[in-house]
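**Q** Quick one, fold the following:
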Amino acid sequence: EAPVNRFRGIPLAGRADGVLTGLTHVDPADRDAALRIWEAARAAPVWDGPPRWLHGDLHPANILVDGGRISAVIDFGDITCGDPATDLSVAWMLFNAEQRAALRQAYGRADDATWERARGWALVLSLVFLTHSADNPLMRGIGERAFRAVLG
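**A** Below is the predicted model of the structure:
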């Protein structure tokens with residue numbers, strides 16, 4: 001019964017135009033690697049399970065930290081349903097490689113296809129932040145960090 005959002009929780013193919021446009025704004029030296037990652041994510045099987053409740057806008061600016069530990073998630077204005085890979089993309093925005101592996105293990109339901117789509121969603125969102133946050137250094141920084149993590 002969760003609401004549907006036409007931009008979040010959808011198959012990655014629905015975000016292709018934005019990704020290709022966003023890639024024109026990144027360093028040309030990074031484009032080929034980013035495009036390979038994008039194509040691998042799009043080639044992963046689409047989510048065929050039941051729609052899952054999603055935060056829909058899960059990124060570091062919507063996560064509160066206290067004493068170095070995540071203490072709360074805020075801003076549920078984009079709550080939706082769909083592919084859980086959408087919310088799992090936060091792993092590239094918030095964590096290093098070792099922490100991402102720990103998250104995946106703790107989550108326990110992210111098969112290879114879901115994890116590949118989550119990386120694709122991280123690329124999608126990093127490009128959104130990079131191309132639409134000229135007036136917001138915090139969001140631009142999140143975009144830069146996530147883009148680097150996705151390429152790493």
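**Q** can you map out the strands along this protein?
**A** Here the chain has its strands, by DSSP state E, at 52-54, 63-66, 69-73, 80-82.
**Q** So residue 93 sits against residue 62, correct?
**A** No: contact between residue 93 and residue 62 fails when scored by Cβ atoms under 8 Å: they sit 10.2 Å apart. C-beta here means a position set from N, CA and C on the backbone, and glycine is covered the same way.
**Q** Any chance of CSV for the strands of the chain, columns mean neighbour count and distance to residue 37?
**A** Below are these laid out as CSV (neighbours: other Cβ atoms under 10 Å; distance: least, Cβ to Cβ, whole Å):
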stretch, mean neighbour count, distance to residue 37
strand 52-54, 18, 22
strand 63-66, 12, 24
strand 69-73, 10, 26
strand 80-82, 21, 21
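**Q** before we move on, the earlier item: more neighbours: which of residue 93 and residue 62?
**A** Counted by other Cβ atoms under 10 Å, residue 93 and residue 62 do not tie: residue 93 has more neighbours, with 23 against 17.
**Q** Rounded mean pLDDT for the longest helix along the chain, please.
**A** Longest helix in the chain by number of residues (criterion: DSSP state H): helix 112-132. Taken as a whole, helix 112-132 carries a mean pLDDT of 97.
**Q** Sort out which residues of that helix are buried, please.
**A** Within helix 112-132, the residues that qualify as buried are 113-131, counting by 16 or more other Cβ atoms under 10 Å.
**Q** Next: stretch 90-110.
**A** So for stretch 90-110, counting by 16+ other Cβ under 10 Å, buried means 90, 91, 92, 93, 94, 95, 100, 103, 104, 110.
**Q** Next, the contact list for the closest residue to the third one other than its chain neighbours, please.
**A** Read that as residue 92. Leaving aside its chain neighbours, residue 92 sits nearest to residue 122 (3.5 Å; criterion: Cβ to Cβ, 6 or more residues apart in numbering). Residue 122 makes contact with 89, 90, 91, 92, 93, 146, 149, 150, according to Cβ atoms under 8 Å, 6 or more residues apart in numbering.
**Q** Please identify which two of these are farthest apart in space.
**A** 90 and 150 (12.2 Å; Cβ to Cβ).
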